[in-house]
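1. The following comprises the amino acid sequence and a computationally predicted model.
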Amino acid sequence: MSQIEETNAQMTSDATHVDVTDPDVTGFDIILVGGGMVGAATAIGLAQMGLKVAVIESFVPEAYHVEQPLDVRVSAISAASETLLNRLGAMDALLKMRNVPYLGLETWELDGCITQFHSSQIGASHLGHIVENRLIQLALWQQMAQLDGITLYCPDKVAAFARGSDGVSVCLQSSIKLVAKLLIGADGANSQVRQWAGIGISGWDYAQSAMLINIKTAQGQQDVTWQQFTPKGPRSLLPLPGHHASLVWYDDANRIKQLMQLNHKQLAEQIRVHFPARLDADFTVENKGSFGLTRRHAQRYYANNVVILGDAAHTINPLAGQGVNLGFKDVEAFLGVIKEALAQDKPWWTKEVLAQYQRKRYRDNQLMMTTMDMFYAGFSNDILPLKLLRNGALKLANVNSPIKKVVLKYAMGLN
């Protein structure tokens, strides 16, 4: 595996300085780059505290219509993420759009050696909801529109960053000039903010890709998400509304590239051959997409007057579908330290406050990334003794015990 590290030299842009005394410069408390799920949630939380936030985003999310085809990018948002979205005022709107509550999750490799988790084991109504990513973003944008403290610059992009005497200034491609005490990067894995701030990353590309496949089935709406490990990578199912489901096929990058060239009927035949028999064979393929698997972790989450969250700080193997949930955990932790600083009348934009956010999130993110890597490496090894050992562990893990309840609560983000 290759080691990738951005250097400060690579990340320093030729920023033009913004004169903060210029009457054409608009002042904010915070400038936030990236209006996706994590960025929009952060903006709402900050505005609810009375802070003035500028949000810069390139694309307006498409309006929702029930007849629209299901998007291939979906997330299994955890109970903890639901709590955050509810507090931000977006959960009610989200539940009025397409979603599926899921009650169970199951993992196995060999038949008879399965680990099953169910919400009833901890007295919960459900483990989370599976929702299209764009609908999560749309529900958050609907809430952003109701807050006077948020000014949205969209569609627009950053042309340049610069440091001022008391914060950061930004020039947009539209020639609008902004200045604020704090710059937030929620602008994804290739974050401009992270690069400009000189925050390095380490990581690598995995040897695999993932294919996302939406299917229509003869079965009614399902409520369990499952995953079977194979030497080539996992085969997973996430329930979608009505007679629909999302399949995730992990495999060698070249194999996924080949599969992407097939028409829907040919792809369906390959799925029937390579997915477990529990998948109902009576289905049709409706849509597909793919992406390479990468691991990236920022060396730190903040710099002077700058902080990064979500994919700008970390990208994880999607094995357990924890990407967006980790991002929302970042939001929760960040909002918490800002709220505490405001309550104590402290300068909330300082490195001391931002360091508290990093302490709350860095090790947890690192632990989750390492755990996913261990699963990825462990189940890709087809040596018989190791295979028997890990399947025995899966079978043992299925025994109802206090440890199983702890693991389930962690998966729900409740620990």
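-> Okay, I see it.
2. just for the protein, where's the confidence low?
-> 1-23, 112, 318-322, 374-415 (pLDDT under 70).
3. how about the helices in it?
-> Using DSSP state H, the helices assigned to the chain run over residues 8-11, 37-48, 79-87, 91-95, 133-144, 192-197, 253-260, 264-274, 323-343, 351-379, 384-397, 402-411.
4. Nearest to residue 60, out of these?
-> helix 133-144 (8.0 Å; Cβ to Cβ). Bear in mind the C-beta positions are built from the backbone N, C-alpha and C, glycine included.
5. Which neighbouring elements make contact with that closest one?
-> helix 37-48, strand 74-78, helix 79-87, helix 91-95 (3 or more Cβ pairs under 8 Å, 6 or more residues apart in numbering; DSSP states H and E).
6. Tell me which of these sits nearest to residue 164.
-> Nearest of the helices and strands packed on helix 133-144 (Cβ to Cβ): helix 37-48, 20.0 Å.
7. Just want the angle from that closest one to helix 133-144.
-> Relative orientation of helix 37-48 versus helix 133-144 (axes from the mean of the first three to the mean of the last three Cα atoms, to 10 degrees): 10 degrees.
8. about what we covered before: I'd like the helices and strands packed on helix 133-144 laid out as JSON lines, including mean neighbour count.
-> Below are the helices and strands packed on helix 133-144 laid out as JSON lines (neighbours: other Cβ atoms under 10 Å):
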{"stretch": "helix 37-48", "mean neighbour count": "27"}
{"stretch": "strand 74-78", "mean neighbour count": "25"}
{"stretch": "helix 79-87", "mean neighbour count": "20"}
{"stretch": "helix 91-95", "mean neighbour count": "17"}
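9. May I see the ones you listed arranged in a markdown table, with distance to residue 131 as well?
-> Shown next, in a markdown table, are the helices and strands packed on helix 133-144 (distance: least, Cβ to Cβ, whole Å):
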| stretch | distance to residue 131 |
| --- | --- |
| helix 37-48 | 10 |
| strand 74-78 | 6 |
| helix 79-87 | 10 |
| helix 91-95 | 6 |
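10. To residue 214, which of these lies closest?
-> strand 74-78 (8.7 Å).
11. which other helices and strands contact the closest one?
-> strand 128-132, helix 133-144, strand 235-240, helix 323-343.
12. Relative to residue 187, which of those is closest?
-> helix 323-343 (12.2 Å).
13. now that closest one against helix 351-379, angle please.
-> Using the same axes, to 10 degrees: helix 323-343 against helix 351-379 is 160 degrees.
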